[in-house]
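**Student:** got a predicted structure plus its sequence, pasted below:
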Amino acid sequence: MRLPPNPPPSAGEGASRSEAGEGLAPNSPEASLPSPDRLRGPPSPAEGGGPGVATLTAVVVAHDSAGALPDCLAALTREGVRTLVVDNASRDASVAVARAHGAHVIRNARNEGYGRANTLGVRAAEGASHVLILNPDLILQPGAAAALMAAAREWPDAGLFAPRIHEPDGRFFYQPRSLLAPYLANPKGVRALPEGDACAPFLSGACLMIERAFFLDLGGFDENIFLFYEDDDLCRRVTDAGRALVHVHGAVALHGRGRSSAPEPGRVFRTRWHQAWSRAYVSRKYGLPSPSLGMLMTNAPKALLSALVLRRAGVERYGGSAIGAWAALRGASALAREGLVP
């Protein structure tokens, strides 16, 4: 089997996703995207749907995602993709929005976490050959689903596929590095970017397509992780199984970035806690040096200073990271923090 090539390497050192956010690259000439309004119009015969996606099911995990779901689900409907929404105990109208768009809904009585809820959805997607796992703020552009399935047919021995993702302003999103692939580089955002289908050492969990049976054979997402780094872990297990990760350049998606859930009190603290804990957990799982002590020593003084000057945002941000790192050092469970049985 001939797989697409690796993108050309680049040199230098970049920040990890948990430190400085995912990588953004300047927009390429071909990267201009339609506005979300275009998604509401009827598709042309060439725009998605048809037999190419007949065995594809999308799984979308929602948690207070009523604001983001309409565009996401409208795009999936236009693409002709069956959709299953797993609702993680939303307090807003997420369930009603999902049902109004024709999605099948699984309602969790409590927030089970991102990876665990996705695995539940994939198990429920009976009859699907492939599943498309995507965030509720991810909007497929016309023909994206068909392009992903075409890539799966062209490279049947590949394990994981992801579209070309753009930010709302049109910039090409490309993950700068993975915790489990530290050799990836991103010097000041200047790096070689794929100009066509290419093998990659890591794919962003914002949108992933995988053969359903293979995903279940792998055990789904690691259920010890409540949030963050489950995509790093899945990519590593796919490659450890001897299967490639493929960036599908002709499949395009628009990423809303940060719109998956509505704001709520304490959300920043909780997010930073899980980022710190999950980073430590995945590092330990694969025999990497623990980052927890360094994160604790870096963030605890900042949290204390923020408290002294009554800066709530700093307390949440730095305090969440420090306490999450401390929890990892103590061997505490992320699931226990959320009231879930490990």
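**Tutor:** Yep, that arrived.

**Student:** what about His255, neighbour count?
**Tutor:** Other residues lying near His255 total 22 when counted by other C-beta atoms under 10 Å. Where you see a C-beta, it was placed from the backbone N, CA and C, and this is true even at glycine.

**Student:** now the spatially closest residue to it that is not a sequence neighbour. Its backbone dihedrals?
**Tutor:** Nearest residue to His255, sequence neighbours excluded (C-beta to C-beta, 6 or more residues apart in numbering): Ile165, at 5.1 Å. Phi and psi for Ile165, reported as degrees, to the nearest 10, are phi -110, psi 140.

**Student:** touching, Ile165 and Ala251? I think so.
**Tutor:** No - using C-beta atoms under 8 Å as the test, Ile165 is too far from Ala251 to be in contact (9.5 Å).

**Student:** and the residue nearest to His255, bridged to which residues?
**Tutor:** Phe173, Ala253 (DSSP bridges).

**Student:** the one helix or strand Met209 maps to packs against which elements?
**Tutor:** Using DSSP states H and E, the element containing Met209 is strand 207-211. Applying 3 or more C-beta pairs under 8 Å, 6 or more residues apart in numbering; DSSP states H and E, we find strand 207-211 packed against strand 130-134, helix 144-154, strand 160-166, helix 230-240.

**Student:** can you mark which positions in the second one are buried?
**Tutor:** Along helix 144-154, these residues count as buried under the neighbour rule (16 or more other C-beta atoms under 10 Å): Ala144, Ala145, Ala146, Ala147, Leu148, Met149, Ala150, Ala151, Ala152.

**Student:** can you name the residues that contact the fourth one?
**Tutor:** Contacts for Ala147 were tallied using C-beta atoms under 8 Å, 6 or more residues apart in numbering; they are Pro163, Val248, Gly250, Ala251.

**Student:** thinking again about what came up before, how about the buried residues of helix 144-154 in CSV, adding distance to Gly339?
**Tutor:** Formatted as CSV, the buried residues of helix 144-154 follow (distance: C-beta to C-beta, whole Å):
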residue, distance to Gly339
Ala144, 37
Ala145, 36
Ala146, 41
Ala147, 41
Leu148, 36
Met149, 39
Ala150, 43
Ala151, 40
Ala152, 38
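
**Student:** out of those residues, who's nearest Val95?
**Tutor:** Among those, Ala145 lies closest to Val95 (C-beta to C-beta), at 23.8 Å.

**Student:** and the pLDDT at the nearest residue to the closest one once chain neighbours are set aside?
**Tutor:** Using C-beta to C-beta, 6+ apart and skipping residues adjacent in sequence, the residue nearest Ala145 is Glu79, 4.1 Å away. We have a pLDDT of 97 for Glu79.

**Student:** buried ones in the helix or strand that contains Leu305, by neighbour count?
**Tutor:** Using DSSP H and E, Leu305 falls within helix 292-308. By 16+ other C-beta under 10 Å, the buried positions in helix 292-308 come out as Ser292, Met295, Leu296, Asn299, Ala300, Lys302, Ala303, Ser306.

**Student:** would you mind giving those residues as CSV with pLDDT added?
**Tutor:** CSV is the format used below for those (pLDDT from 0 to 100):
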residue, pLDDT
Ser292, 98
Met295, 97
Leu296, 98
Asn299, 98
Ala300, 98
Lys302, 97
Ala303, 97
Ser306, 97
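
**Student:** from those, which two are the most distant?
**Tutor:** Ser292 and Ser306 (20.3 Å).

**Student:** the residue nearest to Ala145 contacts Ala144, doesn't it?
**Tutor:** Yes - counting by C-beta under 8 Å, Ala144 is a contact partner of Glu79 at 6.7 Å.

**Student:** residue ranges with poor pLDDT in the chain?
**Tutor:** 1-3, 5-51, 176-177, 182-192, 257-265, 342 (pLDDT under 70).

**Student:** and it, what are its domains?
**Tutor:** Domains of the chain are assigned by automatic domain parsing as 52-255, 267-337.

**Student:** so what's the residue lying farthest from the centre of the chain up against?
**Tutor:** No residue in the chain sits farther from the centre than Leu308, which is 35.8 Å out by C-alpha atoms, centre = their mean. Contacts for Leu308 were tallied using C-beta under 8 Å, 6+ apart; there are none.

**Student:** equivalent analysis for Leu134, please.
**Tutor:** Ala58, Val59, Val60, Cys72, Leu140, Ala206, Cys207, Leu208, Ala253.

**Student:** give the buried residues for the helix or strand encompassing Gly314.
**Tutor:** Using DSSP H and E, Gly314 maps to helix 312-330. Using 16+ other C-beta under 10 Å as the test for burial, helix 312-330 gives 314-328.

**Student:** same for that helix, what does it pack against?
**Tutor:** helix 267-285, helix 292-308.

**Student:** could you check the angle helix 312-330 makes with the shortest one?
**Tutor:** In other words, helix 292-308. 150 degrees (axes from the mean of the first three to the mean of the last three C-alpha atoms, to 10 degrees).

**Student:** returning to what we had before: nearest to Val85, of the helices and strands packed on helix 312-330?
**Tutor:** Using C-beta to C-beta, the helices and strands packed on helix 312-330 put helix 267-285 closest to Val85, at 20.8 Å.

**Student:** for that closest one, packing partners?
**Tutor:** helix 17-20, helix 230-240, helix 292-308, helix 312-330, helix 334-337.

**Student:** list the contacts of it.
**Tutor:** 18, 179-180, 222, 224-230, 232-233, 261, 288-292, 295, 299, 313, 315-325, 327-329, 332, 334, 337.

**Student:** okay then, goodbye and thanks.
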